[in-house]
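K.L.:
can you look at this prediction? I've put the sequence above it.
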Amino acid sequence: MTRPTILVLGTGGTIAGAGSGGTGVAYRPGGVALESLVAHLGALGLAADLVPEEIARIGSQDIGWAEWQALHGACTRALADPRIAGVIIAHGTDTAEETALLLDLTLPATKPVVLVGAMRPADAVGADGMRNFANAVKVAGDRHAAGRGVMLVMGDAVLAARDARKAATSSIDAFRSFPRGPLARVTPASLDWFGPPHRPGAAARYPFPAELPRVAILTAGAGMDARPVEALLGIGARGIVLAGMGQGNAPAVVLEALARCAASGVPVVRATRVDEGLVDRNVEVADDALGLVAARALGPAKARVLLMVLIANGITDPQAVQAAFDAG
Ligand code: ASP
């Protein structure tokens, strides 16, 4: 059997974190060069050839438009290159779900693209990064991995971009998959898919944007008034995601202000500040009357990414935006 060649894109994050002194708390995300991580992986004798390409060495809290453009470009070239079987992106965990969803929405599902991170820095005792990395190599080199969209490998699980979210700040078991469970269980020696690919051979769902519009997340709190909504319009927000209470609720004055935004052509998506659960249409909020959109299974961070991609592609009508959120 031929060994797959896998492009490994580095962005930094805790998986490349250094300076913990083994047992310390503080560290620098991206302190370790990608070449050094890949050299460590090479020494594990994995059944793949790895080609490193460093995009950045930063904490993923600082990842944004420039890195997203670079990642999309590198992935697009790799998908078109017959020598490359799959792509791994080493990424900080804070915004992994956002990068994963952006790429999932804008890349074809013809080869595996796998994000991998770690909760403990590379030089910490009990570091999880090499284990997760070896798992990611297993996934990216697997011939059954294509057609599943962009994936995230953490803690021996393979999660779909649309379902993955960071749910804990520091435990190594930090990621959850909602509303669907993991796609597979993985170890460096085994990979068990739980079902067939859900996007076999699929083309990209949206063109990669020429630029990203300003979309803000507004978190609801008891007793708040409508002034934060006015402030967001004042700084030129082109879309708003409400991180609402419960099923995407907010005080009546806030909902009225958001309805005025929607009426003026600024789409408003209601998500929830609750850790997990669906936000459905017309439950306690009269979405039909107010012109609002329900985020369904997407939490605020991922709802913002989808809304940015939709607005960038000229999709702002509430019904069309709702259809995109319903499609998951
Ligand atoms: N702040 C880090 C980052 O997202 C945390 C991590 O990687 O786990 O880059």
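P.N.:
Looks like it arrived, so ask away. Numbering: from 1, shown residues only.

K.L.:
now do the phi/psi pair for the residue of the chain found nearest the ligand.
P.N.:
Residue nearest to the ligand within the chain (Cβ to the nearest ligand atom): G92, separated by 1.9 Å. To be clear about C-beta, it is placed using only N, CA and C from the backbone, and glycine gets the same treatment. For G92, the backbone dihedrals are phi -60, psi 150 (criterion: degrees, to the nearest 10).

K.L.:
okay, it: pLDDT?
P.N.:
At G92, the model reports a pLDDT of 98.

K.L.:
burial count for it?
P.N.:
Using other Cβ atoms under 10 Å, G92 has 26 other residues around it.

K.L.:
kindly report the same for I58.
P.N.:
Residues lying near I58 (other Cβ under 10 Å) number 18.

K.L.:
isn't it right up against A16?
P.N.:
No - if you go by Cβ atoms under 8 Å, I58 and A16 don't touch, sitting 9.6 Å apart.

K.L.:
run through the residues that contact the residue of the chain closest to the ligand.
P.N.:
11-15, 29-30, 58-61, 63, 117 (Cβ atoms under 8 Å, 6 or more residues apart in numbering).

K.L.:
go with 7 Å
P.N.:
Contact partners of G92, counting by Cβ atoms under 7 Å, 6 or more residues apart in numbering, are G12, G13, T14, P29, G59, S60, G117.

K.L.:
now, which of the residues you listed sits nearest A39?
P.N.:
Nearest to A39 among the contacts of G92: G12, at 17.0 Å, using Cβ to Cβ.

K.L.:
any idea of the pLDDT on that closest one?
P.N.:
Looking at G12, its pLDDT stands at 97.

K.L.:
what's the burial count for the residue lying closest to it once chain neighbours are set aside?
P.N.:
Distance criterion Cβ to Cβ, 6 or more residues apart in numbering; nearest residue to G12, sequence neighbours excluded, is G30 at 2.7 Å. Around G30 there are 25 other residues, counting by other Cβ under 10 Å.

K.L.:
you'd agree G30 is in a helix?
P.N.:
No - counting by DSSP: H, G, I helix; E, B strand; the rest coil, G30 is not part of a helix but coil.

K.L.:
pull the contacting residues for it.
P.N.:
G12, G13, A16, R57, I58, G59.

K.L.:
who touches the second one in this structure?
P.N.:
The one in question is G13. By Cβ under 7 Å, 6+ apart, the residues touching G13 are P29, G30, G59, S60, A90, H91, G92, T93, G117.

K.L.:
the first one - how many residues pack around it?
P.N.:
So that's P29. Neighbour count for P29, taken as other Cβ under 10 Å: 25.

K.L.:
so it touches A18, yeah?
P.N.:
No - look at P29 against A18 with Cβ atoms under 7 Å: they stay out of range, at 8.8 Å.

K.L.:
quick one, phi/psi of A136?
P.N.:
Dihedral pair for A136: phi -60, psi -40, per degrees, to the nearest 10.
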